[in-house]
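> next come a sequence and a model predicted from it.
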Amino acid sequence: MSEGAMAVVKPEMKSYIWVQTTDGSIQQVEEEVAMFCPMICREIIQTGMGSSKNYAISLPQRVNPAIFGLVLDYCRFHQVPGRSNKERKMFDEKFIRMDTKKLCELTSAADSLQLKPLVDLTSRALARIIEGKTPEEIRETFHLPDDLTEEEKLEPLNNVTDDPRIRLLNRLYARKRKELKEREKLKNVEVEEEHVDERSVDDLLSFINGGNGGIYEKYSSFFSASLTVFPMHQVFNSVLVDLT
């Protein structure tokens, strides 16, 4: 190179990975961004897929194109080295400001891509949404079908992956099951204490008319004296008080 000549710096060539989303569309993703997703990284290393359009990596069914775009936004930010914890926290707080439906879809997509940091982030956000809500409110929030009995709704959920959302739900359900049992116990006590007169009308008439030392015989002098002073319904009410 002659003196005074300027050195030409060639731009760094980026490598790309080809992926195919659930709608069949194929797109290129920067390799360093794609490799941030463990599932994609494994496909590249183990199968050699993603090297061209004809060998695009098929993404899981739960990763639709719109949600995959959000996943890539997350990866593009977090794969850059040197960012401070404060920067990452500020980004994450803004990133999860979305409606509940999209947040659920993002959680499922991140789980399918085995992107644990994003799974943890979205799961904590969902846990905050359902905290303090009843099972009915949770079903309404997440548009879940309400075709279960009250007891079935409170059955503990299987939590193989130790999902914080499910842990929170199971704690809530345990508390509700306890309240339900206490209500049932109180109801049974009230039924036992309630006295029901199972005598037939004939039995009652026989009792009133003197059969086996009936009420008429017992209170004959009372009836004679009272009827001249009190109306009939007052006398009958007095007798009922004694019966009970």
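Looks like it came in fine. All figures in this text were calculated on a predicted structure; none of them were measured in a lab. Numbers count the residues shown, from 1 in each chain.

> the helix or strand harbouring Glu140: which residues count as buried?
Here Glu140 sits within helix 135-141, counting by DSSP states H and E. For helix 135-141, burial by neighbour count (16 or more other CB atoms under 10 Å) applies to 135, 138. For the C-beta atoms, the positions are set from N, CA and C on the backbone; glycine is no exception.

> switch to numbering from 136
New numbering, starting at 136: the last item is helix 270-276.

> same for that helix, what does it pack against?
helix 251-265, helix 299-328 (3 or more CB pairs under 8 Å, 6 or more residues apart in numbering; DSSP states H and E).

> output the contacting helices and strands for the first one.
Packing partners of helix 251-265 (3+ CB pairs under 8 Å, 6+ apart): helix 200-213, helix 235-247, helix 270-276, helix 299-328.

> which residues touch Gln155?
161, 191-194 (CB atoms under 8 Å, 6 or more residues apart in numbering).

> rerun that using 6 Å as the cut-off
Taking CB atoms under 6 Å, 6 or more residues apart in numbering, we find Gln155 in contact with 161, 191, 193.

> now render these as JSON lines, adding secondary structure and pLDDT.
Converted to JSON lines, those look like this (DSSP: H, G, I helix; E, B strand; the rest coil; pLDDT from 0 to 100):
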{"residue": "Ile161", "secondary structure": "strand", "pLDDT": "93"}
{"residue": "Ala191", "secondary structure": "coil", "pLDDT": "95"}
{"residue": "Ser193", "secondary structure": "strand", "pLDDT": "95"}
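
> got the domain ranges for this structure?
Listed domain ranges for the chain are 151-277, 283-325 (source: the TED database).

> what about the shortest one, average pLDDT?
The average pLDDT for domain 283-325 rounds to 70.

> please name the nearest non-neighbouring residue to Val198.
The shortest distance from Val198 to any non-neighbouring residue, by CB to CB, 6 or more residues apart in numbering, is to Ala244 (4.5 Å).
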